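[1] following is a predicted model, sequence given first.
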Amino acid sequence: GSLPLAEWQIVSRETVSETMQELRKKELYGGTDWRWPFKMAMNHKPPPDVIFFMADGTGGAKPDEILSYAKRKNPRVQINMFAMETTSGAAEMAQIAKQTNGQHKIILRSGKTIEGEEVFKNKRSVEARIKRGR
């Protein structure tokens, strides 16, 4: 079958609130294959110029496959990668963000962020901050 395709929405307080309400209703599961959400996003017409991808770091996919598909659809796409309270998938997230001039960050429970590159400088310190949540 084909991947679902939603209509683009104009960003407003209302549409963000509605989207967040819908997301809160979704059942969570681990091991997401990152290729599918990227393909769904890039199949829009027109394809996005910027993507904000949030994940728990599990699952993933080979970055080269994601990058080649995204760049084929829009060579200028910028992909920002956000890991939710984990260092898992850091290498893959960093590669995707770097090769698209995007950002790679880790989001803590408190909402604060850590630059993704910190994982490669001092993983133990980053994991301690994740555990503390701030």
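    Received the coordinates, thanks.

[2] for stretch 53-63, the distance to its chain's centre please.
    7 Å (Cα atoms, centre = their mean, to the nearest Å).

[3] end-to-end on that stretch?
    13 Å (Cα to Cα, to the nearest Å).

[4] next: stretch 69-79.
    12 Å.

[5] which of the residues in that stretch are buried?
    Residues of stretch 69-79 classed as buried: 70, 73, 74, 77, 78, 79 (neighbour count, 16 or more other Cβ atoms under 10 Å). All C-beta spots, glycine's among them, are computed from the backbone N, C-alpha and C.

[6] take these and keep only those in helices.
    The members of those that map onto helices under DSSP state H are 70, 73.

[7] nearest to residue 45, of the buried residues of stretch 69-79?
    Closest to residue 45 out of these is residue 73 (9.7 Å), distances taken as Cβ to Cβ.

[8] quick one: contacts for that closest one?
    By Cβ atoms under 8 Å, 6 or more residues apart in numbering, the contact set of residue 73 is 42, 43, 47.

[9] now residue 15
    residue 9.

[10] wasn't it part of a helix?
    Yes. Under DSSP: H, G, I helix; E, B strand; the rest coil, residue 15 falls within a helix.

[11] all set, thanks.
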